[in-house]
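In: Turn this into a model:
(one chain, ligands or ions: 1)
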Amino acid sequence: MVSWDPRIEEMPRKELERLQYKLVKTLVYRLYSFSPFYYQRMHSQGVHPDDLKELSDIRKLPFMFKSDLRDNYPDRLFTASQEELVRYHVSSGTTGKPTVVGYTARDIDLWTTSLARALTSCGLGRGDVLQVSYGYGLFTGGLGLHYGAERIGATVIPTSVGNTERQIELMQDLRATSIACTPSYLLHMGEVADKIGVSIKNDTHLRTAILGAEPWSERMRNRIQDLLGVKAYDIYGTSELYGPLFCECAEQKGIHIWGDLAYVEIIDPRTEEAVSPGERGDLTITMLQKEALPIVRYRIGDITTILQETCSCGRTHPRITRIEGRVDDMLIIRGINVFPSQIEHALMGIPQVGQHFQIVVDRKEELDTLLVRVEVHPDAFSDKITDLMKVKNLIGTRLRSALNVAAEVELVEPGSLPRFEGKAKRVVDRRKM
Ligand code: DLL
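Out: Got it, this is the predicted structure:
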């Protein structure tokens, strides 16, 4: 294993916790003194910075939600002056006002450091050519990965999203060894490549893919790896936390959360207490060194589990398991909770299913209906109705046993469902329209 900064990444856990306590204390004193928002929140909850006597006392602090950022649009939560800001990113959000994130020069430096560690941990370094096919601009994916890759001395091809045929040409001509984009965009790129007679597996140098910004499943990873001949790593982050920050290492066994930058808790949304070890809950992060837009006990709404033990790669910081979905992505179908990720997992285990699907939820005569539209795998596409009926029944049975609720299945031709360059939108909930 090679670490970007072994002194930090492989620090004994006790030492890391001492460092975290020191950082939390400094952060909370700073916010109590300089942020009217945090002062009021802490005051109304009856907490004083002196109450933080050990690291676990962090649980006495109030939570923060996306609505706090929206309610304080654009910059009322900032604790840096205009002169100290070097950049803004803006997260569009699907509902309501966007959120604005400001960065000081030190924020950009720490964000970049975190990505330098992430990219190193999945085997990238000098000599690698990283094609950054996340969007550049207000979205954090493009510039984030760009800076991280330059920091480790890799060569960047800043293609951003779109113009897919040109992307494939550049991937070949400039001998890209790695790509960073959403998993759905990489699959789309694979299809476009096939159409123009290029096999990403055989005709390019691509061997690593850094995929995130949307939920994807373990089975989707297996498909991407087999189909495109790459090792695919899960990268996670949100704009409020800087952007993409945390990634799997070569072991592919959980996403490393850099403990000197972030303190992680998993909260049960019903009780608002920490879940028991090994249980899933709402990922809650405190950013320990963030300057312009402080983030304390931020309830992100992404569902995951924490892994506390040292990874076999030797890095000692906590890890989280793959994000299963968002609290607000959960569909309640006739009273049963269904996550789109469960549907993806069930579908990707069926070889006759292609890579793309769409979930349509509706309500007919007061009853929720669930329709899953599935592209048939090109190899399994047949003119015979009986063959297709068999596939359809198999999908129906698998979905029923995975979800405990019946879904109507519609098979569609390969290539007929929408494709996405940024985050995929797989759910159409007509009940909300
Ligand atoms: O998506 C930042 C990012 C860019 C992450 C590039 C990874 C790669 P936002 O647009 O603010 O930021 O969206 C954040 O996307 O709360 C999750 O719901 C989802 N998300 C991000 N990464 C993953 C992932 C960026 N690896 C929201 N798995 C988060 C599942 C993810 N969901």
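
In: Which stretches in the protein count as helices?
Out: 6-9, 13-34, 36-44, 66-71, 105-121, 140-151, 164-173, 183-195, 200-203, 218-228, 340-348, 385-403 (DSSP state H).

In: Mean neighbour count, those helices: which tops it?
Out: When you average the neighbours per residue for each of the helices of the chain (mean count of other CB atoms under 10 Å), helix 140-151 leads with a mean of 24. Just so you know, the C-beta spots here come from the backbone N, C-alpha and C atoms, and that holds for glycine as well.

In: Which strands and helices lie in contact with that one?
Out: Judged by 3 or more CB pairs under 8 Å, 6 or more residues apart in numbering; DSSP states H and E, the packing partners of helix 140-151 are strand 85-91, helix 105-121, strand 129-132, strand 155-157, strand 178-181, strand 243-248.

In: Can I get those in JSON lines including distance to the ligand?
Out: Rendered in JSON lines, the data for those read as follows (distance: least, CB to the nearest ligand atom, whole Å):
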{"stretch": "strand 85-91", "distance to the ligand": "4"}
{"stretch": "helix 105-121", "distance to the ligand": "10"}
{"stretch": "strand 129-132", "distance to the ligand": "10"}
{"stretch": "strand 155-157", "distance to the ligand": "15"}
{"stretch": "strand 178-181", "distance to the ligand": "7"}
{"stretch": "strand 243-248", "distance to the ligand": "4"}
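
In: could I get the ones you listed as a markdown table with mean pLDDT and distance to Asp429?
Out: Formatted as a markdown table, those follow (pLDDT from 0 to 100; distance: least, CB to CB, whole Å):
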| stretch | mean pLDDT | distance to Asp429 |
| --- | --- | --- |
| strand 85-91 | 97 | 21 |
| helix 105-121 | 98 | 33 |
| strand 129-132 | 98 | 32 |
| strand 155-157 | 98 | 37 |
| strand 178-181 | 98 | 26 |
| strand 243-248 | 98 | 27 |
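
In: could the helices of the chain be laid out in TSV, adding distance to Pro98?
Out: Formatted as TSV, the helices of the chain follow (distance: least, CB to CB, whole Å):
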stretch	distance to Pro98
helix 6-9	33
helix 13-34	24
helix 36-44	19
helix 66-71	8
helix 105-121	19
helix 140-151	13
helix 164-173	27
helix 183-195	22
helix 200-203	34
helix 218-228	29
helix 340-348	23
helix 385-403	33
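
In: and of the helices and strands packed on helix 140-151, who's closest to Gly335?
Out: strand 85-91 (32.2 Å; CB to CB).

In: partner strands of that closest one, parallel or antiparallel?
Out: Strand pairing for strand 85-91, using DSSP bridges, gives strand 99-104 (antiparallel).

In: Tell me which residues are up against the strand it pairs with.
Out: 66, 69-70, 73-75, 78, 80, 84-91, 93, 111, 140, 239-240, 242, 291-293 (CB atoms under 8 Å, 6 or more residues apart in numbering).

In: Are any of those buried, and if so which?
Out: The neighbour count (16 or more other CB atoms under 10 Å) marks 66, 69-70, 74, 78, 80, 84-85, 89, 91, 111, 140, 239-240, 242, 291-293 as buried among the contacts of strand 99-104.

In: so where's the protein uncertain?
Out: Confidence mapping of the chain against pLDDT under 70 gives the ranges 1, 93-96, 433.

In: Please repeat the previous calculation with a cut-off of 80.
Out: 1, 92-96, 432-433 (pLDDT under 80).

In: What residues does it have near the ligand?
Out: 91, 134, 140-141, 212-215, 234-239, 243-244, 300, 302, 323, 326 (CB under 6 Å from any ligand atom).

In: who are the neighbours in contact with Ile210?
Out: Going by CB under 8 Å, 6+ apart, the list of residues near Ile210 reads 118-119, 122, 130, 145, 178-180, 233, 235, 247.

In: Go again with 6 Å.
Out: The contact partners of Ile210, by CB atoms under 6 Å, 6 or more residues apart in numbering, come to 180, 233, 235.

In: Quickly list the domain ranges of the protein.
Out: Domain assignment of the chain by automatic domain parsing yields the ranges 1-327, 330-432.

In: First-to-last residue distance for the shortest one?
Out: Using CA to CA, to the nearest Å, the end-to-end distance of domain 330-432 comes to 13 Å.

In: ok now that domain, how far from the chain's centre?
Out: 22 Å (CA atoms, centre = their mean, to the nearest Å).

In: Check stretch 215-234 too.
Out: Put simply, stretch 215-234 sits 15 Å off its chain's centre (CA atoms, centre = their mean).

In: what pairs with Gly237 across the strands?
Out: Note on Gly237: beta-bridge partners by DSSP bridges are Pro244.

In: Would you confirm that it contacts Leu245?
Out: Yes - using CB atoms under 6 Å, Gly237 is in contact with Leu245, at 3.9 Å.

In: Identify each buried residue in the longest strand anywhere in the chain, please.
Out: Longest strand in the chain by number of residues (criterion: DSSP state E): strand 353-364. By neighbour count with 16+ other CB under 10 Å, strand 353-364 contains the buried residues 353-361.

In: With stretch 149-159 instead?
Out: Residues of stretch 149-159 classed as buried: 149, 151-152, 154-157, 159 (neighbour count, 16+ other CB under 10 Å).

In: As TSV, these with distance to Glu272 would be great.
Out: Output for those, formatted as TSV (distance: CB to CB, whole Å):
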residue	distance to Glu272
Ala149	39
Arg151	38
Ile152	39
Ala154	42
Thr155	47
Val156	42
Ile157	45
Thr159	43
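
In: Nearest to Leu27 among those residues?
Out: Lowest distance from Leu27 to the buried residues of stretch 149-159 (CB to CB) belongs to Arg151, with 24.6 Å.

In: Could you list which residues are in contact with that closest one?
Out: Counting by CB under 6 Å, 6+ apart, Arg151 has contacts 112, 116.

In: again, only this time at 10 Å
Out: 4, 109, 112-113, 115-117, 119-120 (CB atoms under 10 Å, 6 or more residues apart in numbering).

In: Which of the residues you listed lies at the shortest distance from Asp173?
Out: For the contacts of Arg151, the nearest to Asp173 is Leu119 (22.5 Å; CB to CB).

In: Leu145 is in contact with the closest one, correct?
Out: Yes - in this structure Leu119 lies within contact range of Leu145 using CB atoms under 10 Å: 7.9 Å.

In: any idea how far the closest residue to Arg315 other than its chain neighbours lies from Ala406?
Out: Closest residue to Arg315 in three dimensions, ignoring its sequence neighbours and counting by CB to CB, 6 or more residues apart in numbering: Glu9, at 4.8 Å. Per CB to CB, to the nearest Å, Glu9 is found 47 Å from Ala406.
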